[in-house]
Every structure is written in C-alpha cells, then in structure tokens.
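Novice: model this:
(chains A, B, C and D)
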2 protein chains.
Amino acid sequence: MSTGSDQQDIKREKILEAAYQRFLHYGYSKTTMNEIAGDLSLSKALLYYYFPDKSQLYIAVMRKLAGEYIQDLENKLNTFVNLKEAFVSQIDTQHNFIVKNYNFFDFFRVNEQNLPDTIWEIITEIHQTEMVLLSAAIKTEADKGNIKPVDNPEQIVDLLLDALHGVRVSAVSHKKVMFPQKEHLDEIHTKRLLLLDIFIKGLMY
Amino acid sequence: MSTGSDQQDIKREKILEAAYQRFLHYGYSKTTMNEIAGDLSLSKALLYYYFPDKSQLYIAVMRKLAGEYIQDLENKLNTFVNLKEAFVSQIDTQHNFIVKNYNFFDFFRVNEQNLPDTIWEIITEIHQTEMVLLSAAIKTEADKGNIKPVDNPEQIVDLLLDALHGVRVSAVSHKKVMFPQKEHLDEIHTKRLLLLDIFIKGLMY
DNA sequence: TTTTGATAATTTTGTTTAAATAGTCAGTTT
DNA sequence: AAACTGACTATTTAAACAAAATTATCAAAA
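Specialist: Coordinates of the predicted model:
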C-alpha cells in the first residue's frame, strides 16, 4: 500500500500522534499547524510535505482511530457467548470510543451537515464492520436455534443500532446538555440493556 | 383562566394565526413584528399590547400548536384496537405534526442548546401526554393478557419512544440531509413498524 | 530526499458605521 | 377605561473595511 520509506512512515506516525493530541485537547479549529509542528520541534512546512493540508491531516488521524476501533471491535466480537453479550460488547466499545475521543469530534459538530466525503466514507466503513460482525452473530444464534430464523440479519442489526442510538440522542437532547454527564451515562447504559433485552426477546420464538 | 374579554381573545387568536403563518413560512428570524401587524392591518404597537415581546408571541403560538397536537393524539388514542395500532397512531400523529410545522421549528435549530425554559416545559408536556396515553395502552393490554404484566409501563414507553426517535435521527444523519426526503419518509416508517413489531413481541410471553 | 525560512494567499477577528428591527410611550379613538 | 396608533428610542443585525492570525507555497539548504 504505502510507497514511502520506513523513516517516512515513522515520521508520519509521529505527526499523526502529535496532531491527535492537539485535536483531542483543543479541537480542530483551536489547533494550529504551527503548534503541531512546534510540539515535534519541526517546521510547519514539513507538515505540508507529509500531508496536503490541515483537513487531510485531521482525516488521516480519524482514519487511524477508526482502524483501531474496528480492530478493537473485531477482537471482542470474535468470541461471544450469546447475542446479548455480543451487542453489549458493541455498545461498550462504541461508548468508550466516543467518550475517549469526544473533543476530537468537534470537527463533526462544527461542520455538521457538510462533512467531507472522506469522513463519511470512514463512518460508513465503521458502520459496515459493525453490521458484518453483528449480523454474523445473529446468524450464528439463529443457526444454533436460540432465536427465530432471520431472513435479513443486516436489516435487524441496522434497526437495533438505530434504536440504541436513539437512547443516547434522547437522553442528551432532553437534558439540555451537549454531552451526557456521568450520571446520564449509567442511565443510557441501563436503558440500552433493557432495550436489548426486549428486542432480543422479540427475536425469539 | 383568561381574564380578558371575548373581543380580546378573538384578536389574540387572530394575531396568533397571522404570526403562525409567518413563522411557518419564513421562520422565526425572518419574520418581523411589522409584517405580522401588516398582515392584520394593525400597528406593530398593538402586538406589544397583546404580547410582551416577539419570543413570547412565538411561544404562545407554540403552546397553541402543542395543545392541538395533544388533542389530536388523545382523540386517536382514546380508542385503539391493539398495542401496535396505538403506537402506530402516535408515530403517525407525531410525524404529521413535525412535517406540517417543519419551518416553524427553525427557532429550535437556531437556538439549539439554549432554548427558553418555557419551550422546554411545552416539550415536556407533550412528552408527558404521550407517556400517559401510551403507558395506559400498555397497561390495558397487559390487563387483557395480550402481553406480559409490566411493572413499569412508563419506563417501557419511554424506551420505545427513544428507540423510535433513533430510527428517524439515524436516517437523517446518515444521508447528509437535514430533513428526510419523501423517499426516506417511507423508509423510516417501515423501519419503525418493524421495530414496533419486534419490540411488542419482546413484551409478550 | 528531507527540511526550512521567507513569503504569499486566505481566513478569522475586531472595529466602525449604517440600516433594520425590536420595543416604548404619550396621547388619540372607541 | 380599553383598544389602539404614530412617533420615538434602544438593540440587533449587516456591511465594509483594516489588522491579525493562520493556512499554504516555494526556492533553496542540509
């Protein structure tokens, strides 16, 4: 894939890491290319040698994060005891991902409705992975006879992910706060588990 | 409740109607008090005789709309054949309400995170009504023995409303559009019915 | 090939002024 | 007295401009 030298890749990684820290701490608009370069004791011009522009740098970091998230999810979902555990894993993993990188995503909130296509591609890729892993889980359970046969597992997963998302969104918009407080996190988690329970029961005979 | 004369109430209503039309057509920030007054061939000063300020006028319209919505919902939910029909009524009624008044709600989008408390109270009131009506439906069905006994119907309704909301939100944010197109509306509706199906099955024995 | 300092181009920020709009009030009409 | 208005003031928004910050480029050095 990559055509650059090892040295180049290492430096690229270092830049990505420094950029990530800045973006995470101060958000996209409040970090300057100068600062990132300064953190690494490099000239700003060098950043433009490795990345075409600021937004591409941001996207590269995003891509890296997404890769780690997907890896994380795959590890956890490779072995699951039952359907509920599988979805709990997804919920927890996604939750941690969002909490850990919350400030990083300010770019999303600011650019709201006109995110670059590349970002959408990354989001889609994550969604696809979740769909594949979880619908495989559903299929397995159906084959084992633990739930009713499902003719379109993807549809079911898609639906459940939407529903789970709704629990988060509602909790946030109700309380007039942008991000759920610690107290709300538990509430969301509890609600999701309950939803999962009912939903999975609804898939049984 | 009201202490004013009939004449006053009638004029108040006329102002509310004219204001509603303007807000609906042009949104909050693009309608001026002058225009509303002009539509009624009244002086702007008179508006301030009936309403303390612009935002209060807007809120009064909002309150009226909410009242109509609640009335609508109560009528439809007074008689329901089964749980699914009850929730379908809620889904459809809410959907129509939002579609019909979409532009009116630009105020919400603009002021996003710092809506006046009064608005929140109205939203809460709507939510409460939905909770009362739908949890009554659940109780009725449970008493009839069509579903499992539920010790906290409100919790179940709250959860389902969140989940249904999620179907809408995801559909919107996925497609990079602010408001779902005609084609998406059907998709959302179908998804919701499916969710409802599974969810209600999950409540059965 | 990698790196930089100097510089150009663009975006953001701050300031001023003019225009539009919200909101007030003394006084007129019913 | 209650309903209403025209003329006024106060605030908010918009436009125009300059200054500052930041992104992005490039010829030349390491």
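Novice: from the chain's centre, how far out does the top helix by length along chain A sit?
Specialist: Longest helix of chain A, by residue count under DSSP state H: helix A:117-144. From the chain centre to the centre of helix A:117-144 is a distance of 12 Å (C-alpha atoms, centre = their mean, to the nearest Å).
Novice: next: stretch A:31-51.
Specialist: On C-alpha atoms, centre = their mean, the centre of stretch A:31-51 falls 26 Å from the chain's centre.
Novice: quick one: is that stretch near DNA strand C?
Specialist: Yes. Contact of stretch A:31-51 with DNA strand C (C-beta under 7 Å from any atom of the strand) involves A:41-46, A:49. (Glycine included, C-beta is placed from N, CA and C.)
Novice: which positions in that stretch come out as buried?
Specialist: A:31, A:33, A:36-37, A:39, A:42, A:47, A:50-51 (16 or more other C-beta atoms under 10 Å in any protein chain shown).
Novice: farthest pair within those residues?
Specialist: Distance extremes for the buried residues of stretch A:31-51: the farthest pair is A:T31 and A:Y50 at 16.3 Å, using C-beta to C-beta.
Novice: shaky segments in chain A?
Specialist: A:1-4, A:113, A:171-182 (pLDDT under 70).
Novice: sorry, back to before: out of the buried residues of stretch A:31-51, which comes closest to B:H165?
Specialist: A:T31 (34.0 Å).
Novice: buried ones in stretch A:64-79, by neighbour count?
Specialist: Neighbour count says stretch A:64-79 has A:65-66, A:69-70, A:73, A:76-77 buried, by 16+ other C-beta under 10 Å.
Novice: ok, stretch A:188-198 next?
Specialist: Judged by neighbour count (16+ other C-beta under 10 Å), stretch A:188-198 contains these buried residues: A:188-189, A:191-192, A:194-196, A:198.
Novice: enumerate every residue touching A:A19.
Specialist: Counting by C-beta atoms under 8 Å, 6 or more residues apart in numbering or on different chains, A:A19 touches A:31, A:36, A:57-58, A:61.
Novice: which of the residues you listed fall within helices?
Specialist: Going by DSSP H, the helices hold A:36, A:57-58, A:61 from the contacts of A:A19.
Novice: turn those into TSV, including distance to B:H25.
Specialist: Converted to TSV, the ones in helices among the contacts of A:A19 look like this (distance: C-beta to C-beta, whole Å):
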residue	distance to B:H25
A:I36	47
A:L57	44
A:Y58	39
A:V61	44
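Novice: just checking: which of these also lie near chain B?
Specialist: Among the ones in helices among the contacts of A:A19, not one lies near chain B by C-beta under 8 Å from any C-beta of the partner chain.
Novice: who are the packing partners of the helix or strand hosting A:Q71?
Specialist: Using DSSP states H and E, A:Q71 sits within helix A:54-78. The contact analysis (3 or more C-beta pairs under 8 Å, 6 or more residues apart in numbering or on different chains; DSSP states H and E) places helix A:54-78 against helix A:6-26, helix A:83-100, helix A:117-144.
Novice: can you list those in TSV and add distance to B:V110?
Specialist: Converted to TSV, those look like this (distance: least, C-beta to C-beta, whole Å):
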stretch	distance to B:V110
helix A:6-26	26
helix A:83-100	26
helix A:117-144	24
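Novice: out of the ones you listed, which gets nearest to DNA strand D?
Specialist: Nearest to DNA strand D among the helices and strands packed on helix A:54-78 is helix A:6-26 (9.8 Å), distances taken as C-beta to the nearest atom of the strand.
Novice: quick one, what contacts the closest residue to A:L133 other than its chain neighbours?
Specialist: Excluding the flanking residues, the one nearest A:L133 by C-beta to C-beta, 6 or more residues apart in numbering or on different chains is A:L77, at 4.5 Å. Listed by C-beta under 8 Å, 6+ apart, the contact partners of A:L77 are A:86, A:89-90, A:133-134, A:137.
Novice: with A:H189 instead?
Specialist: A:91, A:95.
Novice: near DNA strand D, which residues of chain A show up?
Specialist: Chain A comes close to DNA strand D at residues A:31-34, A:44-45, A:48, A:52-55, as judged by C-beta under 7 Å from any atom of the strand.
Novice: can you rerun that using 6 Å?
Specialist: Residues of chain A lying close to DNA strand D by C-beta under 6 Å from any atom of the strand are A:32-34, A:44-45, A:48, A:53-54.
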